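J.: sequence plus predicted model, see below.
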Amino acid sequence: MSLLHQYGWNSHLENHLSSRSDKTLTPARVTALQGQQYELITTTGIKDAMLAGALLYNNAPHELPKVGDWVLVTLYEEQAIILEVLPRQHVLSRKQPGKSNDIQVIATHVDVALIVQALDHDFNLMRLQRYLQQVKECMIQPVVLLNKQDLVAHPEDYRQQVTALGYECPVLLISAADKNTLTVLTEQYLTAGKTYALLGSSGVGKSTLMNTLLGQTRQQAGGISEITGKGKHTTTTRNLLLLPNGSLLIDSPGMRELGLTIADGDMITSHHPQINELAAYCRFSDCTHHHEPGCGVIAGVESGEIPMLVYQSYLKLYREQAKFQQSIFEKRTAARRFGKMSREANHLRKKNKY
Ligand SMILES: Nc1nc2c(ncn2[C@@H]2O[C@H](COP(=O)(O)OP(=O)(O)OP(=O)(O)O)[C@@H](O)[C@H]2O)c(=O)[nH]1
Ligand SMILES: [Zn+2]
């Protein structure tokens with residue numbers, strides 16, 4: 001099998017390439033990215049690469065190559081020049097916080113998102129739901145990995161809470177450092193030639209998981225690459241790695257922030273599929289489904305259409321959201337109060353010349 005096939009090259013991409021008249025360019029996949037320095041897997045191995053000027057200047061930032069992208073290049077001895085980005089499938093992206101219309105592309109050609117949460121203090125259904133929602137919006141299939149199951153007495157309880165969120169996706173309990181807990185993941189969910197993106201906040205165990213899946217430390221597996229800039233050497237971490245079973249894993253810094261995309265002041269609504277469906281029948285459009293008359297959700301719980309566990313999970317999330325909103329509000333009020341105080345202090349200082 002060719003190197004490119006090992007890295008996910010498929011018939012869909014092949015068809016696209018053969019439909020082009022220009023046959024001088026060769027395909028390659030982006031495995032690491034730092035600033036405008038790229039590392040690629042090419043037909044002849046790993047190469048450093050740069051963008052052609054025309055590509056850089058004629059495209060919006062989200063159109064420039066990202067980790068996972070298939071690109072067309074011209075090869076030189078040690079270097080490659082990227083001239084084009086092939087059409088993307090399954091783009092993992094998010095809206096730039098604060099800038100309503102800007103899209104930030106985090107990784108491309110992602111078949112499955114592995115959303116990792118740890119069962120220690122990190123466990124947070126609201127955050128998990130945000131990751132799930134974001135991934136679904138990108139039309140990418142999620143798999144939830146609840147890590148550090150060794151730290152809690154009843155890991156199954158957590159699994160049930162996640163299942164009760166109502167997303168139809170696998171939820172697996174694992175201990176990232178213990179290979180034996182990963183067999184269901186590796187045997188049933190990781191397929192050769194498919195690309196998996198690791199998502200989750202800092203400290204949930206993504207690197208540990210990656211190392212266990214690699215079967216050795218990332219450094220030894222060639223995970224660290226040297227991207228050579230103009231006269232400077234930067235050691236960077238490779239973001240797309242080939243696992244021993246042939247599947248591809250992307251771990252990039254942007255994935256840690258994916259869950260943090262709530263626009264200021266947004267009320268995070270429930271994305272619970274079953275709740276949403278019946279909420280359409282509520283008498284009031286701003287129904288919270290707690291006690292309002294004519295609530296379609298409460299009716300659904302009473303008739304058994306919505307399982308009690310699902311409704312309880314909704315109530316729990318609602319409380320978490322309310323608490324979260326409250327803390328945003330308090331932070332803003334505190335900031336405003338502080339601003340007012342410092343203005344007054346400045347005013348006094350000017351007046352009294354000290
Ligand atoms: N008890 C326990 N600890 C774990 C497990 N997996 C990871 N850890 C520990 O959790 C800590 C964070 O793990 P990392 O793998 O560095 O987490 P990460 O998600 O890569 O963090 P960032 O690189 O900051 O994004 C380390 O001290 C790990 O040893 C687990 O299954 N059980
Ligand atoms: Zn209602």
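T.: Ah, there it is. Small disclaimer: the values here were computed from a predicted structure and weren't measured. Ligands and ions are numbered 1, 2, ... in the order given.

J.: averaged pLDDT, stretch 109-120. What do you get?
T.: Average pLDDT, stretch 109-120: 95.

J.: what about it and ligand 1, touching?
T.: No: Stretch 109-120 stays out of contact with ligand 1 when judged by C-beta under 6 Å from any ligand atom, the minimum separation being 6.7 Å. Just so you know, the C-beta spots here come from the backbone N, C-alpha and C atoms, and that holds for glycine as well.

J.: tell me the buried residues in that stretch?
T.: Going by neighbour count (16 or more other C-beta atoms under 10 Å), the buried part of stretch 109-120 is His109, Val110, Asp111, Val112, Ala113, Leu114, Ile115, Val116, Gln117, Ala118, Leu119.

J.: likewise stretch 18-35?
T.: Judged by neighbour count using 16+ other C-beta under 10 Å, the buried positions of stretch 18-35 are Leu25, Thr26, Pro27, Ala28, Arg29, Val30, Thr31, Ala32, Leu33.

J.: find the helix or strand that the fourth one is a member of.
T.: What it means is Ala28. strand 26-34 (DSSP states H and E).

J.: ok, that strand: who's next to it in the sheet?
T.: Its sheet considered, strand 26-34 pairs with strand 37-42 (antiparallel), strand 70-75 (antiparallel) by DSSP bridges.

J.: just the CA trace of the last one, in CSV.
T.: Output for strand 70-75, consisting of C-alpha atoms alone and laid out as CSV, is shown next (Å, rounded to 0.1, in the frame of the first residue of the first chain):
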residue,chain,number,x,y,z
TRP,A,70,-5.1,17.0,1.4
VAL,A,71,-3.1,19.4,-0.8
LEU,A,72,-1.4,19.5,-4.2
VAL,A,73,2.2,20.2,-4.2
THR,A,74,5.4,20.5,-6.2
LEU,A,75,8.2,18.6,-4.7
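
J.: tell me the pLDDT at the closest residue to Val67 other than its chain neighbours?
T.: Leaving out its chain neighbours, the residue that sits closest to Val67 by C-beta to C-beta, 6 or more residues apart in numbering is Asn239, at 4.4 Å. Asn239 is assigned a pLDDT of 88 by the prediction.

J.: for the one 5 residues further on, same thing?
T.: On the pLDDT scale, Pro244 is placed at 92.

J.: just list the residues touching it, thanks.
T.: Applying C-beta atoms under 8 Å, 6 or more residues apart in numbering to Pro244 gives the contacts Leu213, Leu214, Gly215.

J.: most neighbours among those, which one?
T.: The most crowded member of the contacts of Pro244, judged by other C-beta atoms under 10 Å, is Leu213 (22 neighbours).

J.: measure it to Gln117 for me?
T.: Leu213 is 18 Å from Gln117, where distance means C-beta to C-beta, to the nearest Å.

J.: is the longest helix seen in the chain in proximity to ligand 2?
T.: Taking DSSP state H as the criterion, the chain has its longest helix at helix 308-352. No: on the criterion C-beta under 5 Å from the ion, helix 308-352 is out of touch with ligand 2, staying 10.4 Å away.

J.: tell me, how many residues neighbour Thr208?
T.: Thr208: 17 surrounding residues under other C-beta under 10 Å.

J.: tell me which helix or strand of this protein sits lowest on mean pLDDT?
T.: Lowest by mean pLDDT, DSSP states H and E among the helices and strands of the chain is strand 224-228, with a mean of 49.

J.: who in this protein is up against ligand 1?
T.: Applying C-beta under 6 Å from any ligand atom, we find that the chain lies next to ligand 1 at 147-148, 150-151, 175-177, 200, 202-208, 256.

J.: in helices only, show me those.
T.: In helices, defined here by DSSP H, the members of those are Lys206, Ser207, Thr208.

J.: wait, the second one sits on Asp251?
T.: Yes: shown here, Ser207 and Asp251 form a contact pair, counting by C-beta atoms under 8 Å, at 7.3 Å.

J.: what about those two, which has more around it?
T.: Shown here are Ser207 and Asp251; by other C-beta under 10 Å, Asp251 has more neighbours (25 against 17).

J.: apart from its chain neighbours, what residue comes closest to that one?
T.: Computed as C-beta to C-beta, 6+ apart, the closest residue to Asp251 that is not its neighbour in sequence is Leu198, at 4.6 Å.

J.: do the same with Leu13
T.: Trp70 (5.8 Å).

J.: beta partners for the one you found?
T.: Assessed by DSSP bridges, Trp70 has beta-bridge partners Arg29.

J.: one more: the one 4 residues further on?
T.: Counting by DSSP bridges, Thr74 forms beta bridges with Ile81.

J.: residues in contact with it?
T.: Contacts of Thr74 (C-beta under 8 Å, 6+ apart): Thr24, Leu25, Thr26, Ala80, Ile81, Leu83.
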